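Asks: 3D, please:
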Amino acid sequence: MKRIFVLSACLASLFARGQHNTSIHASLNGLAAGQWVYWNSLMNSLQKDSIQTVSGGFTINTDIPEGDAYMFRIGSKYVENSVMLLYIEKGKIEIKGEGPMFKGAKATGEACLQEYDTYENMIAADPVLKDRSEVYKKANELYAKKDSAGLAALQPQLDRMDSVDKALTRQWIAAHKGSPVSAYLLSRQLGQLPIGEKEKIYNTLLPSATNNAPAKRTAASIRINNLTGIGKTAMDFTQNDTLGHPVSLKDFRGKYVLVDFWASWCVPCRGENPNVVAAFNKYKDRNFTVLGVSLDQPTGKEKWLKAIHDDHLTWTHVSDLKFWNNAVARQYDINSIPANILLDPDGKIIAKDLHGEELGKMLEKVLAAQAFSLSGQVSGSPVPARIHFYYTDDKGANIHDSVRVVDGRFTFRGNIDAPTMVYITGASSARDEAHSVTVFLEPGAMTITLPAGDYRKAVVKGSKTQEEYEELEGLKKPIQKEMEPLSVAYEKAGAAMNAAVRAGKPQNVIDTLRYRAAAIHDQFEPYFGRMAQIDYEFFASHPQSYVTAFQLRFHTGSLPVDSLQLFYDRLGPVQQSGSGREIASEIEKLRAGSPGSMAKDFSVTELNGSQLTLSALKGKYVLIDFWASWCVPCRKSMPHVKELYARYKDKGLEVIGVSDDDRDSTAWKKAVDKDGTGVWHNVLRGLDWDKIRKHEKNERDISEKFGIHSLPTKILIDKEGKIIGRFDKGSEEEAEQLDRQLSQLLG
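Replies: So this is what the prediction gives:
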């Protein structure tokens, strides 16, 4: 886990003795003569070169096709400091180390080294990362001891370091778009980012940064992902099975297929095999099977066959025994194992990398789902080439599918286990409201007619849930009509503010326009209240409707938690829907952040660099103020909070400002400075967009711990750590209530 890679010469540099010639000279104190040094491209470990050392070092003269990462190892077995990862371009590189082996080794050469040094210096200077090597060493020791409790306790710190490292790496790349170092860092340091994010970063790089192997691998991964993403039809392949007979992926059409990439030498794969066996045995009679693709080595056939037998893998297996150069693995850009893709009976990819309980849950979902069909017609012109469908499945994954339109007609088929809200559009690029509509699909046969001029006037038949949704929306239309002039005014105010920002107007001008837009927005409240009342009446009259569950999610931040619980309790079996489970989760969070509950602890770095732990403030009353620099009501409430703090700080009151500015820490710092709120504790919420995109739980998100849905929200905690007040309406009445409560406690 220790950072051991160094970087050398720029793309443009050529070693004076000829094109493609690369010279690597190492001077390592104490290195004995006669040892073998093995080296190979990081992406082709089968093609190893070697050379023997002389006393105190070694020299390699070779030809490389282009810049790439290479692994160097002294000796055939790994020992501490025996391995070095070196990115080399054509040119001359000098390595010097204090010994033994590669300990303290540094490379020098050409301009790229200087660039890489700026990156390393930036990483080393960050206060969160300065002790990283010691933390990683501790983590390795805990892993070796199988101390799961110790690792769990250390994990938040490791996650924080990883998050900071990624953020700093992104910053460096953004400032060095023409450097090959940026392509290398994108490939290595940001290699685990979702491919969509990597593509966005890659597209910002200049040509001078992308003429090297890491950049080309990233480009290939992007290209392959565009061919093998969720919703794409899997590319066919053929490899020999254990008896040497050719097997093709297309042979499995008509079944759900898990294409499982593994190897006999892969310890995590062998650990995952029991889960795959359990899934296969449970669902093999329900139109499901597994196709194993092994990345075993050329000499590893016997080990491959033995692992199949020992692990009871009773499905079809194929391999070309080419290790990481397995043709199917390269075709699907598999760079780590275990890995898998799940295909539906039409060969369409519906999930990736399902492990542990996730595999069983996904199979239960898709194999228990019911078929639906939506037959459609576009009336009038223009007629789009394809109709696109966007929805969130029951697992929370975002799905995009599409079908061709032929002679104005199309049919969309699939499987869903419950009525599902789907966004349908014929637009090819940006969201086009006139050519888009939201519809509830449900198992069975449905029809839809889309007027070419305005899809919002679509006519849907065959979906009872859609009829209920249209009933609810119809009740709100008169109110929405009343709001139109206000909506136009708000849109203009927002456009004026954005134009001022783009034009670089003074901050006081921007703030004036922001407050003007906020004042208009405040005028929506009566209309929102009337529409909310329509929702509540619908919930009461349709207690077990999927529309009720879907719509109730939007009121988790405004309804009292007991009222929310009452509506949820009446959902009955709809509680098991994706919307129902989301509401249950929100209720749990709200109760955790409501009076009577003990406040969940958190530990975070403050604006001034100090470490703040909530539990360390026991013995004092604590007011947690959830706000953001862009939140006008939040900023308006700051003078009142400052007044309370000045009045009660010497009587035992602490204030913690939790800002929702994780994406713009500069704006956060400016707001704290301008509002004069730096006198109390100031921290960021801890929002992790990587986890959000992966639908993963983020334990560091302070707002999630307290069920925060709107800003400003203030939580008051007593001396024992119990929540005794929650103020989330931003109203004058709440401000007065907070005044009275603090006066009774500390006045």
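Asks: what packs against the lengthiest helix in the chain?
Replies: Counting by DSSP state H, the longest helix found in the chain is helix 464-502. For helix 464-502, the packing partners by 3 or more C-beta pairs under 8 Å, 6 or more residues apart in numbering; DSSP states H and E come out as strand 436-441, helix 507-522, helix 525-541, helix 546-552. For the C-beta atoms, the positions are set from N, CA and C on the backbone; glycine is no exception.
Asks: Quick check: which of these is buried the most?
Replies: Ranked by mean neighbour count, these are led by helix 546-552 with a mean of 24 (mean count of other C-beta atoms under 10 Å).
Asks: What mean pLDDT does that helix get?
Replies: Across helix 546-552, pLDDT averages out at 93.
Asks: so the next helix or strand after that helix versus helix 525-541, what angle?
Replies: Next helix or strand after helix 546-552 toward the C-terminus (DSSP states H and E): helix 561-569. Relative orientation of helix 561-569 versus helix 525-541 (axes from the mean of the first three to the mean of the last three C-alpha atoms, to 10 degrees): 40 degrees.
Asks: rewinding a little: so can I have CSV of the helices and strands packed on helix 464-502 showing distance to residue 262?
Replies: Formatted as CSV, the helices and strands packed on helix 464-502 follow (distance: least, C-beta to C-beta, whole Å):
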stretch, distance to residue 262
strand 436-441, 36
helix 507-522, 54
helix 525-541, 48
helix 546-552, 39
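Asks: who wins for proximity to residue 329 among these?
Replies: strand 436-441 (36.1 Å; C-beta to C-beta).
Asks: Which of the residues in the strand or helix carrying residue 269 are classified as buried?
Replies: Taking DSSP H and E as the definition, residue 269 sits inside helix 267-283. Neighbour counts over helix 267-283 (16 or more other C-beta atoms under 10 Å) mark 269, 270, 272, 273, 275, 276, 277, 279, 280, 283 as buried.
Asks: Looking at the residues you listed, which is nearest residue 222?
Replies: Closest to residue 222, out of all of the buried residues of helix 267-283 and judged by C-beta to C-beta, is residue 269, at 26.0 Å.
Asks: Contacts only, for the closest residue to the closest one other than its chain neighbours.
Replies: Excluding the flanking residues, the one nearest residue 269 by C-beta to C-beta, 6 or more residues apart in numbering is residue 262, at 3.9 Å. Residue 262 makes contacts with 269, 270, 272, 273, 292, 293, 294, 295, 337, 338, as judged by C-beta atoms under 8 Å, 6 or more residues apart in numbering.
Asks: Grab the two from those residues that are most spread out in space.
Replies: The widest separation within those (C-beta to C-beta) is 15.3 Å, between 270 and 293.
Asks: How about the contacts made by the residue lying closest to residue 494 once chain neighbours are set aside?
Replies: Nearest residue to residue 494, sequence neighbours excluded (C-beta to C-beta, 6+ apart): residue 517, at 5.3 Å. By C-beta under 8 Å, 6+ apart, the contact set of residue 517 is 490, 493, 494, 496, 497.
Asks: on that earlier part again, between the buried residues of helix 267-283, which has the least confident prediction?
Replies: Within the buried residues of helix 267-283, pLDDT reaches its minimum at residue 283, with 85.
Asks: That one touches residue 363, doesn't it?
Replies: Yes. Assessed by C-beta atoms under 8 Å, residue 283 is found in contact with residue 363 at 5.2 Å.
Asks: Okay, helices next: where are they in the stretch 151-300 of the chain?
Replies: 180-188, 195-202, 213-228, 267-283 (DSSP state H, counting those that start in this stretch).
Asks: can you pull the contacts of the closest residue to residue 240 other than its chain neighbours?
Replies: Spatial nearest neighbour of residue 240, chain neighbours left out: residue 246 (5.7 Å); criterion: C-beta to C-beta, 6+ apart. Residues in contact with residue 246 (C-beta under 8 Å, 6+ apart) are 238, 239, 240.
Asks: Restricted to strands, list those.
Replies: Counting by DSSP state E, the part of these found in strands is 238, 239, 240.
Asks: From residue 336, how far off is the spatially closest residue to the first one that is not a sequence neighbour?
Replies: Closest residue to residue 238 in three dimensions, ignoring its sequence neighbours and counting by C-beta to C-beta, 6+ apart: residue 248, at 4.4 Å. Distance, residue 248 to residue 336, using C-beta to C-beta, to the nearest Å: 25 Å.
Asks: likewise residue 291?
Replies: 19 Å.
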